[in-house]
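> Got a predicted model here, sequence first, then my questions.
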Amino acid sequence: MCGITAYSGKSVNILKAMHLLEDNDSRGGHSTGIYVENGDFKKLYKTTGESPELLRQIEHNKADLFIGHTRYATHGVKTAENTHPYAIGRFIGCHNGVLNNYEELCKKNYISVPDVDSKAIYTILDETADYQTLGEHGGTINAVWTERDGRLYVYRRNNPLFKMEVKGGVYFSSLEEGLKSIQPSGSTIEEVEKEKIFVYENGELVGSKDVKTTYVAPEGKKIKNWTDYKVGGEQEVELEDYNQSYYNNIYAEKYDNVDNGYAKTMYANKELETDEAALVMTQIEILESLICEMEDYMLDGEVLALSKVASEKYRELDTLHDEEELHKQLLSNQLVAPF
């Protein structure tokens, strides 16, 4: 999951950028970050909440370049440090997708393996200065970054990413609906072309570069994303080749067997919670396990549906905790009669 937004062009109100990012909250919600440039002003903002939390931090109301990301954590803990965009070397960028061979790629390039798969993209790029390394990653990958040069770089392999050109600039978003909400009359929205890096400066396209996917799934290894991987480096895997029964078996196993150890790692002290809160925690753990384990086997719509349910459960848990805290405060303020 995760959601990406970006803009390059003449200075626009930062609220428009934040509105676009908020529309992508449904794809993330664990944490949110935005990088803002406006002339000499350059700053990176992060929060472990959703995008409205960032509005309290931002002290600048204009941007001629911004990169926004709302994170759904699949690798690494949910902290501000692990929130995109990442500042790594000359790169400030974010990633939407899940990588499955980043550890071996890091070792191949003699780079320490990071705790989050997305960090490997920019660490390897910074160390090798080779854009073709993007094609070596196995899994799903869309990436948007700047190289601290005032330019916006956009790369899409497989996940949704849409572009809207307007007078004086260009917007990008993982969700088409977000662009529609700020779409001026006369502008069009289209999908970003796959397997290319597009470079924008002041809203104008100034360059592009082909980056073909070179990753090949090892023989005998289950293909985790049939739209992405190629068999023998020649032919794309068709939907009919996908082992649907394998998907169904794993899905059923994860759903039916909550004692398998994976789903019970998020909330270690549920026994200290109310019964209602503990139940919601268990539901979140099951949903998170399904998404993390099965994301590469599901269609985008299926993942989005599960993620929306998980987000609703997080909000439900927050409400229960707020109500419990209020109840405790009311009890502590009551006078006890001396019977």
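Here it is on my side, so go on. Numbering: from 1, shown residues only.
> which residue packs closest to residue 187, ignoring adjacent ones?
In space, not counting the residues next to it along the chain, residue 187 is nearest to residue 166; the distance is 5.1 Å by Cβ to Cβ, 6 or more residues apart in numbering. Backbone N, C-alpha and C define where each C-beta goes, glycine included.
> What's the local residue count around that neighbour?
Number of residues near residue 166 (other Cβ atoms under 10 Å) recorded here: 19.
> Let me know the pLDDT of it.
On pLDDT, residue 166 comes in at 93.
> That one: what's it in contact with?
By Cβ atoms under 8 Å, 6 or more residues apart in numbering, the contact list for residue 166 reads 9, 184, 187.
> Among those, name the least confidently predicted one.
Lowest confidence among these: residue 184, with 88.
> ok, back up a step: just read off the phi/psi values of the residue nearest to residue 187.
Its backbone dihedrals place residue 166 at phi -130, psi 170, with angles given as degrees, to the nearest 10.
> Can you spell out which residues form a bridge with it?
With DSSP bridges applied, residue 166 shows beta-bridge pairing to residue 169.
> Let's verify the closest residue to residue 112 other than its chain neighbours: helix, strand, or coil?
By the measure of Cβ to Cβ, 6+ apart, the closest residue to residue 112 outside its immediate chain neighbours is residue 106, 6.8 Å from it. Remark: residue 106 carries the secondary structure label helix [criterion: DSSP: H, G, I helix; E, B strand; the rest coil].
> can I assume residue 106 is in contact with residue 127?
No. Applying Cβ atoms under 8 Å as the test, residue 106 and residue 127 come out as separate, 9.3 Å apart.
> Comparing the two, which residue is more hemmed in?
Neighbours of residue 106 and residue 127, each counted by other Cβ under 10 Å, are more numerous for residue 106; the result is 19 against 15.
> Relative to residue 32, how far out is residue 3?
9 Å (Cβ to Cβ, to the nearest Å).
> before we move on, the earlier item: give me the common contacts of residue 106 and residue 127.
With contacts defined as Cβ under 8 Å, 6+ apart, no residue is shared by residue 106 and residue 127.
> so who does the residue nearest to residue 112 touch?
For residue 106, the set of contacting residues under the criterion of Cβ under 8 Å, 6+ apart consists of 112, 113, 114, 120, 123, 124.
> can you do 7 Å?
Neighbour list for residue 106: 112, 113, 120, 124 [criterion: Cβ atoms under 7 Å, 6 or more residues apart in numbering].
> so what's it scoring on pLDDT?
For residue 106, the pLDDT comes out at 92.
> same check, this time on residue 331
The confidence metric pLDDT takes the value 69 at residue 331.
> Please renumber the chain so that the first residue is 806 from this point on.
With 806 as the first residue, the last one maps to residue 1136.
> re the thing from before, among the contacts of residue 911, which ones are buried?
Neighbour-count burial within those applies to 925, 929; the criterion is 16 or more other Cβ atoms under 10 Å.
> which ones among the contacts of residue 911 are found in helices?
925, 929 (DSSP state H).
> what sits in contact with each of residue 808 and residue 837?
In the contact map built from Cβ under 7 Å, 6+ apart, the residues linked to both residue 808 and residue 837 are residue 875.
> how about stretch 893-904: buried residues?
Within stretch 893-904, the residues scored as buried using 16+ other Cβ under 10 Å are 893, 896, 897, 898, 899, 900, 901, 902, 903, 904.
> hmm, who's touching that stretch?
Outside stretch 893-904, the residues that touch it by Cβ under 7 Å, 6+ apart are 807-809, 840, 849, 872, 874, 879, 889-891, 922-928, 930-931, 942-953, 964, 979, 1100-1101.
> now do the same end-to-end measure for that stretch.
Terminal residues of stretch 893-904 lie 18 Å apart, using Cα to Cα, to the nearest Å.
> Quick one: mean pLDDT for it?
When pLDDT is averaged over stretch 893-904, the result is 90.
> And for stretch 1092-1112?
Computed over stretch 1092-1112, the average pLDDT equals 69.
> rewinding a little: among the contacts of stretch 893-904, name the ones in helices.
Judged by DSSP H, these include 922, 923, 924, 925, 926, 927, 928, 930, 931 as members of helices.
> Retrieve the pLDDT associated with the first one.
At residue 922 the predicted local distance difference test score is 82.
> what's the answer for the fifth one, then?
Reading off the confidence values, residue 926 has pLDDT 92.
> where exactly do the helices run in the chain?
If DSSP H is used as the criterion, the helices of the chain fall at 819-828, 907-913, 922-933, 981-985, 1049-1061, 1080-1099, 1105-1138.
> Put together a markdown table for the ones you listed, with distance to residue 1074 on each row.
A markdown table is the format used below for these (distance: least, Cβ to Cβ, whole Å):
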| stretch | distance to residue 1074 |
| --- | --- |
| helix 819-828 | 32 |
| helix 907-913 | 31 |
| helix 922-933 | 29 |
| helix 981-985 | 37 |
| helix 1049-1061 | 23 |
| helix 1080-1099 | 10 |
| helix 1105-1138 | 13 |
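> Break the protein down into its structural domains.
The record's domain split for the chain, according to automatic domain parsing, is 808-1015, 1048-1138.
> how about the ones you listed in JSON lines, adding distance to residue 1023?
Below are the domains of the chain laid out as JSON lines (distance: least, Cβ to Cβ, whole Å):
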{"stretch": "domain 808-1015", "distance to residue 1023": "9"}
{"stretch": "domain 1048-1138", "distance to residue 1023": "15"}
